[in-house]
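# Fold the following and give me the result.
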Amino acid sequence: MTTTPPRRRRRAPTRIERAAGKAAALQRPRVILALLLLLALSSVMLLDGYLRAEVGGDERVRDGASSSEVPEKILDGGPILTFRGGRATTISVPAKTIALTFDDGPNPTWTPQVLEILRRYDVPGTFFLVGSMVSRYPGIVRTMVEEGNEVGIHTFTHVDLSYQSDARVDREMQQTQLALAGAAGITTTLFRAPYSSETDAIDNYSWPVYQRLGRDGYTSVFVDTDSDDWKKPGVSKIVRWATPKNGKGAAVLFHDAGGERSQTIEALPRYIEKMKAKGYTFTTVSGVMEQDGASAGSAGAGAGGAPDSGSPGGGSADRRQAAHRTATGTLLYEGRALVLAVAVAEWAVPALSVGLVIVGVAVMSRFGMMLVLARRHHRQRNRRRFGWGPVVTRPVSVIVPAYNEKECIANTLASLARSTHPIEVIVVDDGSTDGTSRIAREAADALGMTNVRVIRQENAGKPAALNNGVRSARYDIVVMMDGDTVFEADTVRQLVQPFADPGVGAVAGNAKVGNRGTLIGAWQHIEYVMGFNLDRRMYDLLRCMPTIPGAIGAFRREAVLQVGGMSEDTLAEDTDITIAMHRAGWRVVYQEHARAWTEAPGSLRQLWSQRYRWSYGTMQALWKHRKSLTDKGPSGRFGRVGMPLVVVFQIVTPVFAPLIDVFTVYSMVFVDFRAALYAWLAVLGIQLVCAAYAFRLDKEKYRYLLMMPLQQLAYRQMMYLVLIHSCVTALTGGRLRWQKLKRTGEVGTPAGADS
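Next comes the predicted model:
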């Protein structure tokens, strides 16, 4: 008889594994959202630059080229060039007729004034519009069309098309059509090239462009008479130069944009009155074509459906123009989307520019304040007569929370064994599965440490482990450190001296990166020395220290119990309890001579995970203690001094900082490379000065500062993205759990850490 062996049951995932999996699943879309947000802002800036011809702008203008390949009948023909039946044909304006045309608009200042004059004199105009301006001022174009005026294309960015590729020519036309569709619900078959004049100026380079556009159904419009109003020669000359001779008809050119147009506005009524007095009538370009007897539909066969009919002459507001086509379907919606995107860019970019100026001033002010206060702090704490009070010699309890720290825990205990201050060591094993507690006991036995206690608990998180240690501590001062950190022999003694002052409730130590031999480690080393420790000196003098680092901090046991212990409400339990100490009336200080060497994340993924937790936890802690803004006493001091500083300099300005870099790159590529480069180097120089001073105060080697330019280009961007990611998580109501980083144990001793 055979028996079937029992089927092994699949092990159910632990609570930590389930939480980690859920957190990872939630993080991915938020990372993508953060990246998309930055991409969207960059795109808005590029769109704004394109609209202003800063991106893709081409100021080349061809002059003096040969016209040997252009047919003579075209060079000597009228101002309207069509390609009926595939053959080039020109149309002249009939005698005693004026086709009043305007270039370079719309402009929010001058175009409405031109429209008001045309409305007053019941005269139609044909406006050749720049697509980028149409998308920026759609309301003006809508009014223009509704009042019966005619519109044509003047390219999207006002470039000389004879220099451009076929793809660029198509793009200039299509984008302007999109803008017209979004602004007024129409497209047009009329085109006037920038920098064009009479037909005799067509050359061998521009002729193929007109032929190509003609095959696409466009009618190219030139001029007979140019007012040259852009030269601002005076009102009388503008009127005289715009007047055709001997009663001839003419397509007359004025400008409603492109510069200061007050002379045009003054000359236009005089010109209209003069020409009417001479017996002239005014019409549109389509009106000229209809008077020539041509079919209105042939003017735009390749650009849309059948043309609208209607009288081209006269000035009634309900007249319809044959060159216009009604935009429908996808074209209409894409056009509206373009206009909407431009509206966002028009609002966002100036607002961002002002915001970035404010951020820049704030950041520079912070650097200045840090330097001044850090110097004052260093001189105050290092003068010969400075002291906290009677030397603290009584024993203290060192609490080491540990979760799967088999690589590091022995090194941590070895460093504590060399302590020059009497201590007891409490290792709280938070449900480790790698034998951490066993390794800790063996290490303590091997080191002959009889002052080590190892406490095991079910996995409940770091705050619970620390609270367990505080409850188990025998002494009234507790030192908290991470399980991957090593202390110098004198660290504990230095760390506890401020407790000679009875008002001090907690002390922040000087955390240093031990594994600084890698590029990522060197970048974090610069950040720790410059950012964290200069900040702590400043916050110490202002009495609003926001965070005691988890790697090295000391507390009065009674103060910890008074504020309810380490809270599990946030992911930044160190920031949470530090703020709670302030609110309870305790003073929190920084002890620069108490150094701890910690193992920083060794990969970009682990670094992202750690900083994401820090950033998000800080936001949680600030929100939790938001009532301190209206409190009185020490709590109110932190709320009205410390909290604004943390919000402005650790959340708001870093969120906008990537845009400074985007603006810098944008300026280098599209505006003024040299000026942008000098500005970036100036900011880098200021940061180097601050960093060098911070390294001097900490007696660090300056060679690591060689990594700083690269840090600004790569590492800093990642930190900003992490912060944006955290903001997105906070705004979307996400929750995270404490995440364990992978350790290598390479930070063995303080001496080795400084290699």
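# Which stretches in the stretch 301-450 of the chain count as helices?
Here the stretch 301-450 of the chain has its helices, by DSSP state H, counting those that start in this stretch, at 329-382, 409-417, 436-447.
# What of the stretch 1-150 of the chain?
15-51, 72-75, 111-121, 131-136, 138-146.
# Residue 172 reaches residue 155, doesn't it?
Yes: counting by CB atoms under 8 Å, residue 172 does reach residue 155; the two are 4.4 Å apart. Where C-beta positions appear, they are placed from N, C-alpha and C, glycine not excepted.
# For the two, list the residues in contact with both.
Common neighbours of residue 172 and residue 155, using CB atoms under 8 Å, 6 or more residues apart in numbering, are 131, 161.
# returning to what we had before: worst mean pLDDT among the helices of the stretch 301-450 of the chain?
Note on the helices of the stretch 301-450 of the chain: helix 329-382 shows the lowest mean pLDDT, a mean of 83.
# so what does that helix touch, helix or strand wise?
If you count contacts as 3 or more CB pairs under 8 Å, 6 or more residues apart in numbering; DSSP states H and E, helix 329-382 packs onto helix 15-51, helix 131-136, helix 166-184, helix 534-542, strand 587-598, helix 653-670, helix 673-697.
# Rounded mean pLDDT for the next helix-or-strand element following the last one, please.
Using DSSP states H and E, the helix or strand that follows helix 673-697 in sequence is helix 708-710. Mean pLDDT, taken over the full extent of helix 708-710, equals 82.
# pLDDT below threshold where in the stretch 651-755 of the chain?
Low-confidence segments of the stretch 651-755 of the chain (pLDDT under 70): 657-659, 666, 669-671, 725, 728-755.
# returning to what we had before: the helices of the stretch 1-150 of the chain: lowest mean pLDDT?
helix 15-51 (a mean of 57).
# and stretch 285-298, what's its mean pLDDT?
In the prediction, stretch 285-298 has an average pLDDT of 70.
# repeat for stretch 559-576
pLDDT averaged over stretch 559-576 gives 91.
# From one end of that stretch to the other, what's the distance?
Chord length of stretch 559-576, first to last residue, is 14 Å (CA to CA, to the nearest Å).
# Stretch 581-594 now?
20 Å.
# and if you look at stretch 243-262?
So stretch 243-262: terminal residues 19 Å apart, CA to CA.
# List the buried residues in that stretch.
243-244, 249-258, 261 (16 or more other CB atoms under 10 Å).
# quick check, nearest of the residues you listed to residue 342?
The closest of the buried residues of stretch 243-262 to residue 342 turns out to be residue 257 (CB to CB; 16.5 Å).
# residues near the nearest residue to that closest one once chain neighbours are set aside, how many?
Closest residue to residue 257 in three dimensions, ignoring its sequence neighbours and counting by CB to CB, 6 or more residues apart in numbering: residue 107, at 3.5 Å. By other CB atoms under 10 Å, the residues close to residue 107 number 21.
# how about residue 107, what does it touch?
Contacts of residue 107 by CB under 8 Å, 6+ apart are 133, 137, 256-258, 261.
# could these go into a markdown table alongside distance to residue 649?
Shown next, in a markdown table, are the contacts of residue 107 (distance: CB to CB, whole Å):
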| residue | distance to residue 649 |
| --- | --- |
| 133 | 40 |
| 137 | 39 |
| 256 | 48 |
| 257 | 44 |
| 258 | 44 |
| 261 | 47 |
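# Which pair of the residues you listed spans the longest distance?
137 and 261 (14.8 Å).
# quick one: contacts for residue 477?
392, 394, 396-397, 496, 499, 554-557.
# and residue 244, how far is that from residue 233?
18 Å (CB to CB, to the nearest Å).
# what's the answer for residue 339, then?
Distance of residue 339 to residue 233, computed by CB to CB: 36 Å.
# In terms of neighbours, single out the busier of the two.
residue 339 (23 against 15).
# Who are the contact partners of the more buried one?
135, 138, 179, 182-183.
# still on that earlier bit, sort the buried residues of stretch 243-262 by pLDDT and name the bottom one.
residue 258 (89).
# Now that residue: closest residue in space that isn't a chain neighbour?
residue 104 (3.8 Å).
# Give me the pLDDT for that neighbour.
Taking residue 104 on its own, its pLDDT is 94.
# do residue 633 as well
For residue 633, the predicted pLDDT is 87.
# Ignoring the adjacent residues along the chain, who's closest to it?
Nearest in space to residue 633, with sequence neighbours left out and distances taken as CB to CB, 6+ apart, is residue 585 at 6.6 Å.
# Check residue 261 too.
Per CB to CB, 6+ apart, closest to residue 261 is residue 110, 4.2 Å.
# low pLDDT regions in the stretch 51-200 of the chain?
51-59.
# quick revisit: looking at it, the residue nearest to residue 258 is touching residue 254, isn't it?
No: in this structure residue 104 lies outside contact range of residue 254 using CB under 8 Å: 9.9 Å.
# can you map out the strands along the stretch 151-300 of the chain?
Remark: strands assigned in the stretch 151-300 of the chain by DSSP state E, counting those that start in this stretch are 186-188, 190-191, 219-221, 225-226, 250-255, 281-283.
# Could you provide these in TSV, with additional columns for distance to residue 430?
Output for these, formatted as TSV (distance: least, CB to CB, whole Å):
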stretch	distance to residue 430
strand 186-188	69
strand 190-191	74
strand 219-221	79
strand 225-226	84
strand 250-255	76
strand 281-283	87
